[in-house]
Each structure stands twice: as structure tokens, then as C-alpha cells.
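K.L.:
please find the sequence and the predicted model below.
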Amino acid sequence: EALHMRIDAISLFPEMFGVVRDAGITGRAHKQGLWSLQTWNPRDYAQDIHRTVDDRPYGGGPGMVMMIEPLRKSVQAVRQSRTQQDESAVQAPVILLSPAGEKFTQRHAAHLAETNGAIFVCGRYEGIDQRFINNTVDAQWSLGDFVLSGGEIAALAMIDAAVRPLPGALNHGDSSVQDSFQDSLSGLLDSPHYTRPELFEGESVPSVLMSGNHALIARWRREQSLSLTLEKRPDLIAQARARGLLSAADEKFLGTLSRS
């Protein structure tokens, strides 16, 4: 039996997660019970009447720092809830969304889809008390080298990417396999797509796509994919080559590109 992916998000803005829970592919998959989402607001675990979750940093400096206790109590509440749901379940990792984290890739998404999920901690303000990170966080993930106002938007993107590979999440069986970065396509960028009308403002659909010759179409798509990846992300070509995912025909075609 496949593991059920449950995502728990610890966030001061739980309403932001309605986007993945209710809309589009992820919303449909949630409705079908293919995955589940629970949100937890650290303010509910604050110690005072004002529901304070942040304080000034020791040593001075701008901004505020998220306090350890409301976050740790949130994680404890999540763990308790998960154990009640399934006593035998493997403990889900606590993942902090952070620019210091490792860069999230399709591999992270695919791995997450094969597990019982994760507990995402979405930071806000200037940072999070380091003692929480040291003692409670299992991994730190980043969406890229830029700064966001909080971890929520990054978490939404990661959840979306992890839901797509779940069996039954997509209507068309091949769509996730054809996505850019999937291992089945050697981690390359996807080829261009076309639909009706056949002719638009003088620009027509490539004739090969109208040929009905599936072998020819597959080869064209592969070559387009190789060409686009070499132009935009040559590092992905190098990775695919290192993993032995490029065929002799691929290498021959790449040779013609580098010579031109």
C-alpha cells in the first residue's frame, strides 16, 4: 500500500495554504484524498495574552526573531496528531524553509511524494532562534538564491511539485513524465508545445508535429529538448552525461549543435 503524503505547515499565515489545498491539480488531488494538509499557527502555542511569537534579537540589530517555544510546541502538537493518525508511521522530517538550505529540486519533490510527507516550518521576521534549528529541524530547503518575506510561498511551490508525481494526481498519465527535470527525460528541459490554431499571425506549427509519425515526433521533441537545455541550462546536460542518461544519438546531435 502506498504511503499517504501528509503535509503539516507551521505558519503565521495558514490561510496562504488554501492555494494548494483548494485550487487546480493539487486541490483536486486533495479532494480525492491523495494527500492531506494541516496547518498550525505558532500563535496558538504562545505563552501570553498577546500571543507573542517574536522578540528583539540578543546582541541588537534590526528586525525581530521568532521565539523557540511557540515553534517547538507547534512541532510537538503536529507529532502528537500524526501519532494519533498512525502509531506505526515513520516520524516525518521537520523541514525549515531557509535561504541557507539546500536548493530544492525535482529529486526532492519525487522523494517527498514517496514518503508519508513532512513538517514544513515557515519562518518570518529576521530569523528563527538558532536553538530551535539545532534541536528540532532535520533539513533546510531553499527555493533559490533570493529573499522572500517568509517561507510560505516556497513551501507552496514545494508542495505543488511533490503532489504532481502522486499516482492519480494528473488526469493524463504521461504529463508528469514529460515535465522538465523528470529523470525519465534525463533531467532536461521540456520541448516546445503547440496547439490549435495551426496558423497564427503567419506563424505555423512545426510540420513534424502534424506528420502523424510518432517516432519522428519523439526524436524531434528529444532534439528540441537537448537544444533548449544546451542553450539555457548547459549544467543539466553535464549532469545527464555524468549519470549516463544521454544516448549515442543524443551525443551525435549535441555534436552538431556545438559545431554550428
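P.N.:
Arrived safely, thanks for sending.

K.L.:
how far away is the residue lying closest to Asp138 once chain neighbours are set aside from Val137?
P.N.:
Among residues not flanking Asp138 along the chain, Pro93 sits closest, at 4.0 Å (CB to CB, 6 or more residues apart in numbering). C-beta coordinates here come from the backbone N, C-alpha and C atoms, glycine included. According to CB to CB, to the nearest Å, Pro93 and Val137 sit 9 Å apart.

K.L.:
so for those two, which residue has more residues nearby?
P.N.:
More crowded of Pro93 and Val137, by other CB atoms under 10 Å: Val137, with 20 against 14.

K.L.:
quick check: phi and psi on Ala161?
P.N.:
Backbone torsions for Ala161, taken as degrees, to the nearest 10, come to phi -60, psi -30.

K.L.:
the closest residue to it other than its chain neighbours: what's it in contact with?
P.N.:
Among residues not flanking Ala161 along the chain, Ala109 sits closest, at 3.8 Å (CB to CB, 6+ apart). Residues in contact with Ala109, defined by CB atoms under 8 Å, 6 or more residues apart in numbering, are 158, 161-162, 164-165.

K.L.:
wait, a strand at Ala109?
P.N.:
No - counting by DSSP: H, G, I helix; E, B strand; the rest coil, Ala109 is not part of a strand but helix.

K.L.:
what about Phe104, neighbour count?
P.N.:
So Phe104, with other CB under 10 Å, has 20 neighbours.

K.L.:
please name the residues that touch the nearest residue to it once chain neighbours are set aside.
P.N.:
Closest residue in space to Phe104, ignoring its immediate chain neighbours: Trp141 at 4.8 Å, by CB to CB, 6+ apart. With contacts defined as CB under 8 Å, 6+ apart, Trp141 is in contact with 95-98, 101-104, 108, 154, 158.

K.L.:
and if you look at His108?
P.N.:
By CB under 8 Å, 6+ apart, the residues touching His108 are 141, 158, 161-162.

K.L.:
before we move on, what about Glu198?
P.N.:
Glu198 makes contacts with 204-205, 210, as judged by CB under 8 Å, 6+ apart.

K.L.:
I'd like those residues laid out as TSV, including pLDDT and distance to Gln130.
P.N.:
What follows is the contacts of Glu198, written out as TSV (pLDDT from 0 to 100; distance: CB to CB, whole Å):
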residue	pLDDT	distance to Gln130
Ser204	94	59
Val205	91	56
Met210	94	60
